[in-house]
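[1] Would you be able to build a 3D model of this:
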Amino acid sequence: MGIGTQALELATLGHNNVTASDLFAAVVAQARKETRSRELEMTFKVADMRQCAQTHGVLSTDNSLLHLSGDNEIGVALQSFYQCLRQDGVAIVSLGEYLEDEEIWQ
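    Residues are numbered from 1 along each chain as shown. Here you go, the predicted model:
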């Protein structure tokens, strides 16, 4: 989830039953605060994306794979993403290249 950009956008567009998760409780708390400030309704969970099949039914992730420590962990996460999918389902995974001196890292 990180700062919840995708989940917040889905809720803003009127999608019901949006659930966002992150590994860190402090990040989830910040996203809850942002959701309240926008007067949106969402569900939040502290969860590990490597076990997302136990937490989510539909998955969209933005750059979260880059936080894992290697190919093995990425493989575990992708297998879990696959388990989230229904037959003919789609997982949306986006990756971006951030430079260390960009504002996002400051």
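
[2] got the contact list for the closest residue to residue 49 other than its chain neighbours?
    Nearest residue to residue 49, sequence neighbours excluded (C-beta to C-beta, 6 or more residues apart in numbering): residue 77, at 5.3 Å. All C-beta spots, glycine's among them, are computed from the backbone N, C-alpha and C. Residue 77 is in contact with 49, 50, 52, 64, 65, 68, counting by C-beta atoms under 8 Å, 6 or more residues apart in numbering.

[3] Now the buried members of these.
    49, 50, 52, 64, 65 (16 or more other C-beta atoms under 10 Å).

[4] Going by distance to residue 36, which of these wins?
    Using C-beta to C-beta, residue 64 comes nearest to residue 36 of the buried ones among the contacts of residue 77, at 23.3 Å.

[5] Show me what secondary structure element comes after the helix-or-strand element of the chain with minimal mean pLDDT.
    When each helix and strand of the chain is scored by mean pLDDT, DSSP states H and E, strand 60-62 comes last, with a mean of 62. Heading C-terminal from strand 60-62, the first helix or strand you meet, by DSSP states H and E, is helix 71-84.
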